[in-house]
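Q: With the sequence up front, the predicted model follows.
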Protein chains: 2
Amino acid sequence: MTDSAIPVTPIAASPEALGKVKYNDDGLVAAIVQDIETGAVLMMAWMNDETLRMSLEQGRTVFWSRSRQEVWRKGDTSGDRQFIREAFYDCDGDTLLFKVVQEGNGACHTGNYTCFFSPFGDALS
Amino acid sequence: MTDSAIPVTPIAASPEALGKVKYNDDGLVAAIVQDIETGAVLMMAWMNDETLRMSLEQGRTVFWSRSRQEVWRKGDTSGDRQFIREAFYDCDGDTLLFKVVQEGNGACHTGNYTCFFSPFGDALS
């Protein structure tokens, strides 16, 4: 989807919900991104408290880049933005799931649609 | 699905593929589990080199429990086993994705089908 007019739908998270999130020793929480249209798991990256709030308020995924040690708003460079439609925290509060509309060709910096394109065996998909 | 005769389909991973996996300082790699039938993301847990190999060879998810510091073969206690159909490593080699047939009521120790049952906002699913 290359339509530049993809709607943005911020999520109003309660302080209670945000308080359920548990960050690791580096202040980070794992964030899984799933294509809400196809169901494909696209990628996993990390958020800190700041970028989680940015993601929900802006309706786009914003991560913390561990390699660059900086805020990484997905798509600002590549153009392949992720527009959040639903956001969840898990039973332990240490993993998040974002269901998104994926813009452009996909989520992976390699040009692949999903980062999970390498099977261990002879997977069919 | 409560059928006890769910087929087991081990995955023969090449040493090359296994060598692509990068473990963190604790010797662990993040493993996302997705229901291959519904597409739902069920949970995220951690594997070490040993439990990854066990998972592929046994065709069932086997994790490393960080809280208990022991091998945790999913479903041995709960009965809700996960039978692996496809397994992937991501572009960075630091996250895995398993597409499984989920036995029983679901993946979550709370009794929920998925661990991601808590929305930040007013999600519909």
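A: Okay, I see it.
Q: got the CA positions of stretch A:96-103 in CSV?
A: Presented in CSV, the C-alpha positions along stretch A:96-103 are these (Å, rounded to 0.1, in the frame of the first residue of the first chain):
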residue,chain,number,x,y,z
LEU,A,96,3.8,-5.7,23.2
LEU,A,97,1.9,-6.4,20.0
PHE,A,98,1.0,-3.8,17.5
LYS,A,99,-1.4,-4.5,14.6
VAL,A,100,-0.6,-2.1,11.8
VAL,A,101,-1.3,-1.1,8.3
GLN,A,102,2.1,-1.5,6.6
GLU,A,103,2.9,1.2,4.0
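Q: Torsion angles phi and psi at A:P15?
A: Per-residue torsions, A:P15: phi -60, psi -30 (degrees, to the nearest 10).
Q: That one and chain B, how far apart?
A: 11 Å (CB to the nearest CB, to the nearest Å). C-beta: built from backbone N, CA, C; applies to glycine.
Q: Number of residues surrounding that residue?
A: Neighbourhood size, A:P15 [other CB atoms under 10 Å in any protein chain shown]: 6.
Q: of all of chain A, which residue lies closest to chain B?
A: For chain A, the residue closest to chain B is A:G39, as judged by CB to the nearest CB, at 3.1 Å.
Q: number of nearby residues for that residue?
A: 14.
Q: For it, which non-adjacent residue is closest in space?
A: Leaving aside its sequence neighbours, A:G39 sits nearest to B:G39 (CB to CB, 6 or more residues apart in numbering or on different chains; 3.1 Å).
Q: Just the pLDDT at A:D92, thanks.
A: In this model, A:D92 is scored at 96, pLDDT.
Q: residues touching it, list them.
A: A:K22, B:C115 (CB atoms under 8 Å, 6 or more residues apart in numbering or on different chains).
Q: now A:V8
A: A:V8 touches A:Q58, A:G59, A:R60, A:F83, counting by CB under 8 Å, 6+ apart.
Q: can you give me the strands for chain A?
A: A:29-35, A:41-47, A:62-65, A:70-73, A:82-89, A:95-102, A:118-119 (DSSP state E).
Q: Pull up the pairing partners for the second one, direction included.
A: Partners of strand A:41-47 in the sheet, by DSSP bridges, are strand A:29-35 (antiparallel).
Q: What of the third one?
A: Pairing partners of strand A:62-65, with direction, according to DSSP bridges: strand A:70-73 (antiparallel).
Q: tell me the mean pLDDT over the strand it pairs with?
A: Mean per-residue pLDDT for strand A:70-73: 97.
Q: Any stretches of chain A with poor pLDDT?
A: For chain A, the stretches flagged by pLDDT under 70 are A:1-4, A:123-125.
Q: hmm, 50 instead?
A: Confidence mapping of chain A against pLDDT under 50 gives the ranges A:1-2, A:124-125.
Q: Name the single longest helix found in it.
A: In chain A, taking DSSP state H as the definition, the longest helix is helix A:49-58.
Q: who's in contact with it?
A: By CB under 8 Å, 6+ apart, the residues outside helix A:49-58 that reach it are A:8, A:10-13, A:18, A:21, A:23, A:27, A:29, A:31, A:47, A:61-64, A:71-73, A:84, A:87, A:96, A:98, B:120-121.
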